[in-house]
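Undergrad: got a predicted structure here, sequence first:
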Amino acid sequence: MKETQTLKNKEKSKKVTERISGSEAVIKCLLAEGVDILYGYPGGAIMPVYDELYKYQDKIHHVLTRHEQGATHSAQGYARISGKVGVAIATSGPGATNLITGIADAQIDSTPMVCITGQVGSHLLGSDAFQETDIVGISTPVTKWNHQITKASEIPEVFAKAFYIAKSGRPGPVLIDITKDAQFEEFDFSYEKCTGIRSYIPVPDTNENDLNAAAELINNAKKPMIVWGQGVILGEAEEEFKAVIEKAGIPSAWTILGASAIPTSHSLNVGMVGMHGNYAPNVLTNQCDVLIAIGMRFDDRVTGNLESYAKQAKIIHFEIDPAEVDKNVKTDVAVLGNAKASLRALLPLLNTNSHKEWLQKFKDLYNIEYEKVIKDDLHPTKEGLTMGEVLKEINMQTKGEAAIVSDVGQHQMIACRYADFKTTKSNITSGGLGTMGFALPAAIGAKMAAPEREVVMIAGDGGYQMTIQELGTIFQQKVPVKIVVLNNEFLGMVRQWQQLFFDKRYASTEMTNPDFVAIAKGYHIDAKKVVERKDLKAAVKEMIDCDGPYFLEVCVEKEGNVFPMIPTGASVSDIRLE
Amino acid sequence: MDTEIKQYTVSVYTENNIGLLNRISAIFQRRHINIESLNTSPSEIEGVSRFTIVINITESQMKKIQGQIEKQVEVIKAYYHTEDETIYQESCLFKIKSDLLFDERQIQNIIKESNARIVTVNKEFFVLEKSGRTQEIELLYRELSVFGIMQFTRSGRIAVTKDEMKISTMLEAFQH
Ligand SMILES: Cc1ncc(C[n+]2csc(CCOP(=O)(O)OP(=O)(O)O)c2C)c(N)n1
């Protein structure tokens, strides 16, 4: 032990070092981790790092958002579409606390993100100094890991660890807080990427017996059904997943964050589960004999009442995070590990099958949903514009190739239900936290990470105004995102609940809105407002054809509702169609 | 579903880092679980700290919490045991007026029978130390409180398992 330690020390001493400041070290660490873009907002306690950013601007692009929450959501959008780590940076105190919503969102949606905050000088820590907050304490429950740096020499190791933790295993947000003196301090810098941490097992080993047991259950199942989540996308297991469902012929449904892992049009894709999911997969959850959960966590919005969730089924759970197993739903077989590796290992163990009759049941129930809900959403005959028809028009004109970034509310459910996804990582939305204001900044990050893709943001009039100031970022950075606001002059989703469960008492859900087009134009963004069906097609075309950013407001029916719906506390099979 | 609430002693082996206590206690706080006792100390492995936490919950809750604790990046391993599976001690100090030691013969008997130890005596007060299981300490407290206790304090539980726990060899497996 001693010997290896001295050996290591010797090796270290051989490494090339250079004497630089802590703040320059921060930039060098970011560059070493392949970061070329970061989102943030300056302030006193992070100024030394910003000064270095100025010097390194040809290597690393800093995007000045209009609010630190915007920086986190942009970093999230960037991470979600690219699979890389998003980076956000802020000053101490209010800058740091403004990051919290985005960090919490990234934590629950397993988004790899590194946030860097400045902190007051270490001699002032704990003294209630100007703009001091205990951001490490505040962010502890919503970070995968966090750390405060008080000495420049800690920077390389902490940054290496931060990036490793953020992206490995089940990804998540990490926060690094750096005191101002550590930013100024000079030290001998060298960088080594982190490849492992003693106490941290990012991917648990897959047990062969579990795999065999899972395969046997699947092979003997008469009515198997898969519910997949974001684990398939985060694990880059799309191909393996497709091969598995095709070989075994299993109808597969997705959670909101699992959307787009396989194309919407795939014959085994039977729709979305959960509160506003599709009729068939929800109802048939309570009829299948084997339920195979892949990279999903049985969120309560997915399961409805747990007491009556898939009680008849044997449950198999493919999961990277051991703490998720049996957390909400007791499993019969848990296959730990990365979805890509375990699905690859599962494939040869599976019998070829088709389950035609069982699949037909999904189609029959789809037809019921189509008649009762989908037809009116997509091909309305009444006067008001529906959110669904706007989605249908966007699908047509983007040929289903757009990445859809949605905010939170009715439009989100409509976007997820009706968007036509052809490629993976195309559905970027706030799932677990349901953060209004997410979409606009997230769309910025997504478009910057994937400029070759069409990125269409869809928000409600409520959520849009929570981060509307990011129009400034779009204008300054010239990010050609397409912004669609579905304006119903209500906090629609809350109004729907008030209508259904609070006797139509619309307490504080009506919105008097500004002239959105004028606001967009004020930020020099091309804009149009559509109030009539006949103008929709041309307006969407104008938006898609536009080379720069574009704002489209569509005034939709004021009291449209999203169905199907599982009321809170009800069983998935009690899903309502009206 | 099990609904029986039992007392569990949780042993958490961790890296010795700032902030970890916050992370671990937050796991209990968030689930509205009261920590009965908490102790942190070095462990048998150099550089590895050990938390010993006592809580009253159901076993299924316990398992979930074990998972959440182990999920923390700097936690190496967490174990939980029932009272029967551990050998544990708690320690306490009583500060009592010195007069009582001489005036109340009974106190001397209590001290002897309870295997408590006098740590110090001066003119005003004497200090009594007692290590033992929860009930023994509670008994001593009851017996002495009749006479009046000036100060009382009790430590968190420390525990080892009855079974051999080969944590050192387990730890080697984590050494990437
Ligand atoms: C930050 C935040 N505050 C409050 C809520 C609660 N909430 C969920 S949906 C919703 C209404 C959204 O209204 P709008 O953005 O207009 O979209 P719509 O439902 O009309 O499509 C509200 C207030 C939330 N999800 N996030």
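TA: Structure received.
Undergrad: and the stretch 401-550 of chain A, which residues reach the ligand?
TA: Taking C-beta under 6 Å from any ligand atom as the criterion, the stretch 401-550 of chain A approaches the ligand at residues A:407-411, A:434-436, A:460-463, A:486, A:488, A:490-494. Quick note: C-beta positions are derived from backbone N, CA and C, even for glycine.
Undergrad: can you give me the neighbour number for the closest residue to residue A:426 other than its chain neighbours?
TA: Excluding the flanking residues, the one nearest residue A:426 by C-beta to C-beta, 6 or more residues apart in numbering or on different chains is residue A:260, at 4.0 Å. By other C-beta atoms under 10 Å in any protein chain shown, the residues close to residue A:260 number 24.
Undergrad: next: the one 10 residues further on.
TA: By the measure other C-beta under 10 Å, the count of residues near residue A:270 is 25.
Undergrad: mind checking how far the helix or strand that contains it is from the chain centre?
TA: Assessed by DSSP states H and E, residue A:270 sits inside strand A:269-272. Centroid displacement of strand A:269-272 relative to its chain, using C-alpha atoms, centre = their mean, to the nearest Å, is 19 Å.
Undergrad: next one: stretch A:354-374
TA: Worked out by C-alpha atoms, centre = their mean, stretch A:354-374 lies 29 Å from the chain centre.
Undergrad: can you tell me the closest non-neighbouring residue to residue A:461?
TA: Leaving out its chain neighbours, the residue that sits closest to residue A:461 by C-beta to C-beta, 6+ apart is residue A:487, at 4.4 Å.
Undergrad: for residue A:24, phi and psi?
TA: The phi/psi pair for residue A:24 (degrees, to the nearest 10) reads phi -70, psi -40.
Undergrad: would you confirm that it contacts residue A:51?
TA: No: the pair residue A:24 / residue A:51 is not scored as a contact, 9.2 Å apart, by C-beta atoms under 8 Å.
Undergrad: neighbour-wise, which of these two wins?
TA: Shown here are residue A:24 and residue A:51; by other C-beta under 10 Å, residue A:24 has more neighbours (22 against 14).
Undergrad: contacts only, for the more buried one.
TA: Applying C-beta atoms under 8 Å, 6 or more residues apart in numbering or on different chains to residue A:24 gives the contacts A:52, A:189.
Undergrad: biggest strand in chain B by residues?
TA: strand B:86-97 (DSSP state E).
Undergrad: from the contact counts, what lies against the very next helix or strand once past it?
TA: Moving toward the C-terminus from strand B:86-97, the first helix or strand encountered (DSSP H and E) is helix B:98-103. Judged by 3 or more C-beta pairs under 8 Å, 6 or more residues apart in numbering or on different chains; DSSP states H and E, helix B:98-103 is in contact with helix B:105-114, strand B:125-132.
Undergrad: chain A is nearest to which of these?
TA: Chain A sits nearest to strand B:125-132 of all those, at 31.0 Å, using C-beta to the nearest C-beta.
Undergrad: who does that closest one touch, helix- and strand-wise?
TA: Secondary elements touching strand B:125-132 (3+ C-beta pairs under 8 Å, 6+ apart): strand B:86-97, helix B:98-103, helix B:105-114, strand B:117-121, helix B:134-145.
Undergrad: switch these over to a markdown table; also include mean neighbour count.
TA: As requested, the helices and strands packed on strand B:125-132 are exported to a markdown table (neighbours: other C-beta atoms under 10 Å in any protein chain shown):
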| stretch | mean neighbour count |
| --- | --- |
| strand B:86-97 | 18 |
| helix B:98-103 | 14 |
| helix B:105-114 | 14 |
| strand B:117-121 | 12 |
| helix B:134-145 | 16 |
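Undergrad: pLDDT score for the residue of chain B most remote from its centre?
TA: Most distant residue from the mean C-alpha position of chain B: residue B:103, 33.8 Å away (C-alpha atoms, centre = their mean). Note for residue B:103: predicted pLDDT of 90.
Undergrad: how close does it sit to residue B:148?
TA: For residue B:103, the distance to residue B:148 equals 11 Å [C-beta to C-beta, to the nearest Å].
Undergrad: can you pull the buried residues of the helix or strand following the strand holding residue A:270?
TA: Elements were assigned by DSSP H and E; along the chain past strand A:269-272, the next helix or strand is helix A:279-285. Across helix A:279-285, burial judged by 16 or more other C-beta atoms under 10 Å in any protein chain shown covers A:279, A:280, A:281, A:282, A:283, A:284, A:285.
Undergrad: which residues are contacting the very next helix or strand once past helix A:279-285?
TA: For helix A:279-285, the succeeding helix or strand toward the C-terminus, using DSSP H and E, is strand A:290-294. Residues external to strand A:290-294 that are found in contact with it (C-beta under 8 Å, 6+ apart): A:214, A:217-218, A:221, A:223-229, A:231-232, A:241, A:250, A:285, A:310, A:313-319, A:329, A:331, A:339, A:343.
Undergrad: keep the residues you listed, but drop any that are not near chain B.
TA: Checked against chain B using C-beta under 8 Å from any C-beta of the partner chain, the contacts of strand A:290-294 yield no neighbours at all.
Undergrad: got a pLDDT number for residue 56?
TA: The chain I'm using is chain A. Model confidence at residue A:56 (pLDDT) stands at 98.
Undergrad: ah, no, chain B please
TA: The model's pLDDT for residue B:56 equals 97.
Undergrad: kindly report the same for residue B:2.
TA: Each residue has a pLDDT score; the one for residue B:2 is 78.
Undergrad: for it, what are its contacts?
TA: By C-beta under 8 Å, 6+ apart, residue B:2 lies in contact with B:58, B:59, B:60.
Undergrad: the ligand: which of those residues is nearest?
TA: residue B:60 (30.6 Å; C-beta to the nearest ligand atom).
Undergrad: what residues are up against the nearest residue to residue A:34 once chain neighbours are set aside?
TA: Take residue A:34 and drop its neighbours on the chain: the residue closest to it by C-beta to C-beta, 6+ apart is residue A:84, 7.4 Å away. Contacts of residue A:84 were listed using C-beta under 8 Å, 6+ apart, and they are A:34, A:78, A:112, A:167, A:449.
Undergrad: emit the ChimeraX select command for whichever of these are buried.
TA: To isolate the buried ones among the contacts of residue A:84 in ChimeraX, judged by 16+ other C-beta under 10 Å, type:
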select /A:78,112,167,449
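Undergrad: mind listing what the residue nearest the centre of chain B touches?
TA: The C-alpha lying nearest the average C-alpha coordinate of chain B belongs to residue B:157 (C-alpha atoms, centre = their mean; 0.9 Å). Residue B:157 makes contacts with B:9, B:37, B:39, B:52, B:54, B:88, B:89, B:90, B:134, as judged by C-beta under 8 Å, 6+ apart.
Undergrad: which element is the third one on?
TA: Assignment of secondary structure by DSSP H and E places residue B:39 within strand B:35-42.
Undergrad: tell me the domain boundaries of chain B?
TA: Taking automatic domain parsing as the reference, chain B has its domains at B:6-86, B:87-154.
Undergrad: who does the stretch of helix or strand residue B:81 belongs to pair up with?
TA: In the assignment (DSSP H and E), residue B:81 maps to strand B:75-82. The pairing partners recorded for strand B:75-82 under DSSP bridges are strand B:6-15 (antiparallel).
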